[in-house]
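1. fold the following.
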Amino acid sequence: MFYAKEKITSTVDITVELHDDNVFCTCPGCGCEVEIDLAELFSDGESDLHGTAVYCPDCSKEKLGVGL
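-> Model (predicted):
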């Protein structure tokens, strides 16, 4: 099981299990929330959480010049 843990106070922590339906990031283009499939994201064997950004579908199209 993978999880995220955040210290709220010196005596309280929050722990949330990570599943394929509860991992999100913020699109660096527009700031909207994007759901992430970690298996797909890391399938290339070279990605890392710190250095990876995921664009939403609209910003991806704009960035790639698709449909313009």
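2. contacts, neighbours, all on C-alpha from now
-> Will do.
3. can you name the element that comes right after the lowest-mean-pLDDT helix or strand in the chain?
-> Taking mean pLDDT, DSSP states H and E as the measure, the chain has helix 38-41 as its least confident helix or strand, at a mean of 88. Next along the chain after helix 38-41, taking DSSP states H and E as the criterion, comes helix 57-64.
4. can you name every helix or strand that that following helix contacts?
-> On a contact count with 3 or more Cα pairs under 8 Å, 6 or more residues apart in numbering; DSSP states H and E, helix 57-64 meets no helix or strand.
5. show me how far that helix is from its chain's centre.
-> 16 Å (Cα atoms, centre = their mean, to the nearest Å).
6. state the mean pLDDT of that helix.
-> For helix 57-64, the mean per-residue pLDDT is 92.
7. kindly report the same for stretch 14-34.
-> Stretch 14-34 comes out at a mean pLDDT of 94.
8. who touches it?
-> 1-8, 35-38, 53-56, 59 (Cα atoms under 8 Å, 6 or more residues apart in numbering).
9. go again using 6 Å as the cut-off
-> For stretch 14-34, the surrounding residues in contact (Cα atoms under 6 Å, 6 or more residues apart in numbering) are 2-6, 35-36, 54-56.
10. what about the residue of the chain most remote from its centre, distance to E17?
-> What lies farthest from the middle of the chain is T11; by Cα atoms, centre = their mean that is 28.1 Å. Using Cα to Cα, to the nearest Å, we find T11 at a distance of 20 Å from E17.
11. what helix or strand is the spatially most central residue of the chain on?
-> Compute the mean C-alpha point of the chain, and by Cα atoms, centre = their mean the closest residue is C25, 3.4 Å away. Per DSSP H and E: C25 is located in strand 24-26.
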